[in-house]
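A.B. asks: Compute the structure for the input listed below.
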Amino acid sequence: MPTPVEALDALISRADPVRAAEMATYHKVERRYLGLGNDTVENLVRSWRADLDRDAKVTLAAALWDSNIYEARIAATKLLTQARIKPDDAPVWDEVQRWVVQFDSWAIADAAAKPIERRLIADPSRLDAVAMWTEHQNMWTRRAALVCTLHWAKGRHPDAAHLERREQVLTWIAALVSDHEWFTQKAIGWWLRTLSRQDPARVAEFLSLHSDGMRAIARKEAAKHL
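C.D. replies: Next comes the predicted model:
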């Protein structure tokens, strides 16, 4: 069972300085990069996960996240991406919520959307907390509200509860149409494009009401499969 220091050392010992410099240039966010490939991080996390119970996973994920090393934050998200968590998942939900207001890049935010989505599927009532993210001053937090709820844009035969949550997210999207940040608009288009594969009529209806307020990138993405 690795300690936080041991886990960080395992990541750092595999650093590739040349690739790290390239990643820093690409991501354009001031933090340490190690230059590790996704497979390297994934394999390390897999080896750690087998020996950790829920609380140990949360403790390790928190330490990895707080290091602010790019690959360590990615590892933290992978460590907590799990469908079923016993005895209950409240500590995991609390930890991933802590991350949300700290998002500062699409790559980390999108990676974190995966464990967040798992916890939302486990307890959809948590969407009520996510609703508050749509009004947060951090653009990445607002965007995360859409990326982590893509589950509700999917499903060919949704039940009534699924449809209710889908409409809840569509209400957020309607409110976010006036948010012209490029990444927010891209997420709006992404969500609607995903929904259009299941319910094109609902997306067409949404666009008839809101397309005038959307940036071209969002309109184009949303209508891609209509």
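A.B. asks: So Trp172 is in contact with Ala131, correct?
C.D. replies: Yes - Trp172 lies in contact with Ala131 (CB atoms under 8 Å); the separation is 6.4 Å. Yep, even glycine has a C-beta here, placed from its N, CA and C like the rest.
A.B. asks: show me the contacts for the residue nearest to the spatial centre of the chain.
C.D. replies: Nearest to the mean C-alpha position of the chain, by CA atoms, centre = their mean, lies Ala113 at 1.6 Å. When contacts are counted by CB atoms under 8 Å, 6 or more residues apart in numbering, Ala113 touches 144, 147-148, 150.
A.B. asks: List the contacts of stretch 132-145.
C.D. replies: With CB under 8 Å, 6+ apart, stretch 132-145 has contacts from 100-101, 103-106, 109, 112-113, 116, 130-131, 169, 172, 175-176, 179, 181, 183-184, 187.
A.B. asks: And stretch 79-92, by the same measure?
C.D. replies: 45, 48-49, 52, 54-55, 57-58, 60-61, 64, 95-96, 114-115, 118-119, 121-123.
A.B. asks: State the pair within the contacts of Ala113 that is farthest apart.
C.D. replies: Ala144 and Leu150 (11.2 Å; CB to CB).
A.B. asks: And the two? Which one has more around it.
C.D. replies: Shown here are Ala144 and Leu150; by other CB atoms under 10 Å, Ala144 has more neighbours (26 against 16).
A.B. asks: Gly155 versus Arg165, what's the distance?
C.D. replies: 10 Å (CB to CB, to the nearest Å).
A.B. asks: What subset of the contacts of stretch 79-92 is buried?
C.D. replies: Burial by neighbour count, judged by 16 or more other CB atoms under 10 Å, picks out 45, 48-49, 52, 54, 57-58, 60-61, 64, 95-96, 114-115, 118-119, 122 from those.
A.B. asks: going on from the helix or strand hosting Val41, what's the next piece of helix or strand?
C.D. replies: Secondary structure assigned from DSSP states H and E places Val41 in helix 38-49. Using DSSP H and E, the helix or strand that directly follows helix 38-49 along the chain is helix 54-66.
A.B. asks: how distant is the helix or strand that that following helix is followed by from the center of its chain?
C.D. replies: Beyond helix 54-66 on the C-terminal side, the first helix or strand identified by DSSP H and E is helix 70-79. On the basis of CA atoms, centre = their mean, to the nearest Å, helix 70-79 sits 12 Å off its chain's mean C-alpha point.
A.B. asks: Would you work out how far apart the start and end of stretch 46-64 are?
C.D. replies: Stretch 46-64 has its terminal residues 15 Å apart, counting by CA to CA, to the nearest Å.
A.B. asks: and the protein, what are its domains?
C.D. replies: As given by automatic domain parsing, the domain ranges for the chain are 1-122, 125-226.
A.B. asks: so can I have TSV of the ones you listed showing mean pLDDT?
C.D. replies: Below are the domains of the chain laid out as TSV (pLDDT from 0 to 100):
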stretch	mean pLDDT
domain 1-122	95
domain 125-226	96
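A.B. asks: can you give me the helices in the chain?
C.D. replies: Remark: helices assigned in the chain by DSSP state H are 4-12, 17-27, 38-49, 54-66, 70-79, 90-100, 106-122, 127-133, 139-147, 160-176, 182-196, 200-210, 216-222.
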